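Asker: predicted coordinates and the sequence they were generated for:
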Amino acid sequence: MPFPKSIVRCDNGIYKSCVLGTRAVMETGFYGGISSAQIVVPKAEALELAHKNYFEMAIAGRAIDERRRVFFSIGKNLCRVQGADAIVLGGTDLFRAFEGQDCDFPVIDCAAVHVDAIYQMSVRES
């Protein structure tokens, strides 16, 4: 299933976004799947830190406060310093770190977007 292009678009006020996830996802802007907004890539140290913490969280199957602080710090920097309008959670399990939390910047959960797109497709086809 292709990446839903509507996840990041100018008509909802998002002109620049950053994808948090693995190194490959961040460096490629979700494997080139987001073409409707400018992609902001974390600086080298932040990119490696996000990748490492995401990978460790995925392996553990849970988010601990230390990792949450790393993701929130990187997200705040991307929005406040690098000008991102929103942070796209580019991994299906990143919700673990963000769910129910006030991270002080806009977040788009790619897993929720994919679930909604699948649902919308199933409704149209039935």
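Answerer: Nice, I can see it. Since the structure is predicted, the reported quantities are computational estimates derived from the model, not experimental observations.
Asker: which stretches in this structure count as strands?
Answerer: Counting by DSSP state E, one finds strands in the chain at the ranges 16-20, 38-39, 86-89, 107-109.
Asker: direction included, what does the third one pair against?
Answerer: Using DSSP bridges, the strands paired with strand 86-89 in its sheet are strand 16-20 (parallel), strand 107-109 (parallel).
Asker: could you dump the ones you listed into JSON lines and include distance to Glu99, mean neighbour count and mean pLDDT?
Answerer: No exception for glycine: its C-beta is placed from N, CA and C like everyone else's. Formatted as JSON lines, the strands paired with strand 86-89 follow (distance: least, CB to CB, whole Å; neighbours: other CB atoms under 10 Å; pLDDT from 0 to 100):
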{"stretch": "strand 16-20", "distance to Glu99": "14", "mean neighbour count": "25", "mean pLDDT": "84"}
{"stretch": "strand 107-109", "distance to Glu99": "8", "mean neighbour count": "18", "mean pLDDT": "86"}
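Asker: all helices for this structure, in order.
Answerer: Assigned by DSSP state H, the chain shows helices spanning 23-28, 44-60, 65-80, 95-98, 110-125.
Asker: output the longest one as PDB - backbone C-alpha positions only.
Answerer: The C-alpha trace of helix 44-60 is given here as PDB (Å, rounded to 0.1, in the frame of the first residue of the first chain):
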ATOM      1  CA  ALA A  44      23.800  14.300  12.400                       C
ATOM      2  CA  GLU A  45      24.000  13.800  16.200                       C
ATOM      3  CA  ALA A  46      20.300  14.100  16.700                       C
ATOM      4  CA  LEU A  47      19.600  11.700  13.800                       C
ATOM      5  CA  GLU A  48      21.900   9.100  15.300                       C
ATOM      6  CA  LEU A  49      20.400   9.600  18.700                       C
ATOM      7  CA  ALA A  50      16.800   9.200  17.400                       C
ATOM      8  CA  HIS A  51      17.700   6.100  15.400                       C
ATOM      9  CA  LYS A  52      19.500   4.500  18.400                       C
ATOM     10  CA  ASN A  53      16.600   5.200  20.800                       C
ATOM     11  CA  TYR A  54      13.900   4.200  18.400                       C
ATOM     12  CA  PHE A  55      15.700   0.900  17.700                       C
ATOM     13  CA  GLU A  56      16.200   0.200  21.400                       C
ATOM     14  CA  MET A  57      12.500   1.100  22.100                       C
ATOM     15  CA  ALA A  58      11.300  -1.200  19.300                       C
ATOM     16  CA  ILE A  59      13.500  -4.100  20.600                       C
ATOM     17  CA  ALA A  60      12.200  -3.600  24.200                       C
END
